[in-house]
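> Mind looking at a prediction? Sequence and model below.
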Amino acid sequence: MSLLVFSGGHTRGISTTSEGESYSRLAIESNVFHTGFLPFERATSEEHALDSYQNLLFSIARFHEVTGSYPENITVIGFEMKRRRFEQLHIRALRWPKERFTYVGIDEEGDTTPQYKGENENGYIPFSHDLYGCHGELLEKRRRRNPFFRFHPYYTSASELTGLLNWCPDERDGGMTAVYPGGLPWDRL
């Protein structure tokens, strides 16, 4: 089964609309699904993710919440500049099979050099040192991006992911880049 998940939490205090919900509304209002401006049955929003790692992990959990199963393949559509972060860091953190992951990158028009530099400095490098984004500057960024103190429901709706959802490695685990060692539903793919 395929399901389109628009992912992103309530990251701005000036709006009660989540990023995921705003993307979903835009798609419906633009009639991209050709449904006559009605919701598309095979699309949903995930409204708790506060960064790109959580966008991916929580989208998997949301898929399970909606379908009752875990995806066999994942395709992410995002800025081209974030491809390396997803392909080299996030799927490694999730232990998602590389052959079951596709990233479709889209660049803005014009010179994107400053955006790529910013992505490297503020995205790729921090996640390369803190794979799960749960320490220091990445943790602080998550806190800043959660003005309504919302919390995800995935301990209940995707309970097989509890260990991964809680995983925040430190020196006792082999450092902040230690990969989650527990079992995952996609180990059986």
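Perfect, I can see it now. Note that the structure is predicted; figures quoted are calculated from it, not measured.

> now the worst-scoring helix or strand of the chain on mean pLDDT, how far from the centre of its chain.
Within the chain, no helix or strand scores below helix 19-29, which has a mean of 91 by mean pLDDT, DSSP states H and E. Taking C-alpha atoms, centre = their mean, to the nearest Å, one finds helix 19-29 lying 16 Å from the centre of the chain it belongs to.

> Tell me which residues of it come out buried.
Neighbour-count burial for helix 19-29, counted by 16 or more other C-beta atoms under 10 Å, picks out 19-21, 23-24, 27-28. In this view, the C-beta of every residue, glycine as well, is placed from N, C-alpha and C.

> tell me the average confidence for whichever helix in the chain runs longest?
As assigned by DSSP state H, the longest helix anywhere in the chain is helix 52-67. Mean pLDDT, computed over helix 52-67, is 98.

> swap in stretch 163-180?
97.

> list the buried ones in it?
Neighbour counts over stretch 163-180 (16+ other C-beta under 10 Å) mark 164-165, 167-169, 176-178, 180 as buried.

> Of the residues you listed, which is the nearest to F79?
T177 (23.6 Å; C-beta to C-beta).

> Surely the closest one is in a helix?
No: if the criterion is DSSP: H, G, I helix; E, B strand; the rest coil, then T177 is coil and not within a helix.

> Which residues are in contact with the residue most central in space within the chain?
By C-alpha atoms, centre = their mean, the chain has its centre lying nearest to N55, at 1.4 Å. Taking C-beta atoms under 8 Å, 6 or more residues apart in numbering, we find N55 in contact with 7-8, 46, 49.

> just F127 next, same as before
Counting by C-beta under 8 Å, 6+ apart, F127 makes contact with 52-53, 85, 89-90, 133, 138.

> can you rerun that using 6 Å?
For F127, the contacting residues are L89, by C-beta atoms under 6 Å, 6 or more residues apart in numbering.

> any idea how far it is from G175?
F127 is 14 Å from G175, where distance means C-beta to C-beta, to the nearest Å.
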